[in-house]
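Trainee: after the sequence you'll find the predicted model.
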Amino acid sequence: MDARFTPEHEAFRRTVRQFVEKELAPHALEWDRAGHFPRDVYKKCGELGFFGIDHDPRYGGSGLDTWYVAVFAEELARSQNGGVSMSLMVQGQMATPVINEVGTDEQKREFLAPALAGERIAALAMSEPGAGSDLASLRTTARRDGDDYVINGSKMWITNGARADFLVLAVRTGGEGMTGVSLVTCPTDVKGFHVSKKLEKVGQRSSDMAVLYFEDCRIPARYVLGRENDGFSLIMNSFHAERLVTAVNTVAVMDGLLRDAIRYGRERKAFGERLVDFQVWRHTFVDHLTLVEAARRLTYHAVDLYERKRRQKVKPVKEISMAKLLTTELAQRVAYDCQQFYGGLGYVEDTHVARAWRDVRMLTIGGGTSEVMKEIIASMVAL
């Protein structure tokens, strides 16, 4: 392990690993086939403090450093279920951090505290049918009406959207482009809110992803996060946290796939030889192990920078974008080759490698596509 993981980090790792291997991994196939997982998983995670790792202790968080978050993201990979991992990371590291960072005491008590306890499910509602990565073009509006906002529009590709109790919602409260965008907390039990459709995804099937519709939804103006018309920077900051934990988790997913494939190759024989003794596969695994280790080092570098700059409220955007780009693109090749290594068995839903091959496909799309990552990086290296 990296020297920056202390004995305390490793003690936390053992706690997370025990939970994941006992409570999540045994149900991986069952929940994938069902297309959902039980709500009480959130409650169990909340009781163990998994959602509030680096959040304010006054509202149920633990106030720990980013390396603890990395431990959690790594160990979730042992669930062998990309949908569960993504849903739980949305709760603790994608939807709630902005409330923790800029929310009022009232907002934190109403939304953050129950989310960290696993009592209320949160979703981050940014993307729209016509505005995925281009959030400056979002069209969902929040019109001020006295002490309320009236919301109209729709959101798409929203993880946890079908059963969320509240949303961290991006809306247009002002002019066009990056200005005039605000973030609000929006309970899903308000009149006029509808889950239009639960999307049937290729992979990560255990997580719900939904199309949401808002028709004259009225929420108190006090639910705005930060300042009105100043939400675009908050949205970008939320993406950095999402991309960082995605990179960390992806490295661990690749680790698991390679570890399992090599174990299988030591037992399986073809033409009288172990599969791992064929040079073509030995070299393939060496290539992947080398690149995964390189990806891990870049990702840990991004984690280190994120932690060191966190108190200054500065994000290492370039390094996070590089880590997200490298890890998620590499995962496509690792999953493909591991599946190929298993032969016909790798094409059967019962095997983890088959499900992982589907699950990792989402990683180069969600949280900003690989193409968007390249544009971000290019803009920061003065190409």
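Mentor: Looks like it arrived, so ask away. As the structure is a prediction and not an experimental result, all values here were calculated from the model.
Trainee: tally of neighbours for the nearest residue to G92 once chain neighbours are set aside?
Mentor: Spatial nearest neighbour of G92, excluding adjacent residues (Cβ to Cβ, 6 or more residues apart in numbering): F51 at 3.8 Å. Every C-beta, even on glycine, is put in place using the N, C-alpha and C of the backbone. F51 has 27 neighbours, counted by other Cβ atoms under 10 Å.
Trainee: quick one: secondary structure of F51?
Mentor: Look at F51: counting by DSSP: H, G, I helix; E, B strand; the rest coil, its state is coil.
Trainee: and it, how far from T96?
Mentor: Distance from F51 to T96, counting by Cβ to Cβ, to the nearest Å: 7 Å.
Trainee: now L138
Mentor: 21 Å.
Trainee: who has more neighbours, the two?
Mentor: Ranked by neighbour count (other Cβ under 10 Å), L138 and T96 place T96 first, with 27 against 22.
Trainee: who's in contact with the closest residue to the more buried one other than its chain neighbours?
Mentor: Distances taken as Cβ to Cβ, 6+ apart place A115 nearest to T96, at 5.2 Å, with adjacent residues excluded. Neighbouring residues of A115 by Cβ atoms under 8 Å, 6 or more residues apart in numbering: 51, 91, 95-96, 99, 121-122, 166.
Trainee: buried residues in the helix or strand encompassing A115, which are they?
Mentor: Per DSSP states H and E, A115 falls inside helix 113-116. By neighbour count on 16 or more other Cβ atoms under 10 Å, the buried set for helix 113-116 is 113-116.
Trainee: let me see the mean pLDDT of it.
Mentor: Average pLDDT, helix 113-116: 98.
Trainee: need the residues touching each of F51 and T96.
Mentor: 115-116.
Trainee: count the residues that sit near D134.
Mentor: Counted with other Cβ under 10 Å, D134 comes out at 11.
Trainee: from the contacts of A115, which single one is nearest A378?
Mentor: Among those, A95 lies closest to A378 (Cβ to Cβ), at 29.0 Å.
Trainee: identify the residue nearest the closest one in space, chain neighbours excluded?
Mentor: A122 (3.8 Å).
Trainee: any idea what that neighbour is bridged to?
Mentor: Under DSSP bridges, the beta-bridge partners of A122 are F166.
Trainee: wait, isn't it in contact with G161?
Mentor: No. The pair A122 / G161 is not scored as a contact, 10.4 Å apart, by Cβ atoms under 8 Å.
Trainee: could I get the full set of strands for the stretch 101-250 of the chain?
Mentor: 122-125, 141-145, 148-159, 166-172, 181-187, 193-198, 209-220, 224-225 (DSSP state E, counting those that start in this stretch).
Trainee: please identify the deepest-packed of those strands.
Mentor: Most buried of these, by mean neighbour count (mean count of other Cβ atoms under 10 Å): strand 122-125, with a mean of 28.
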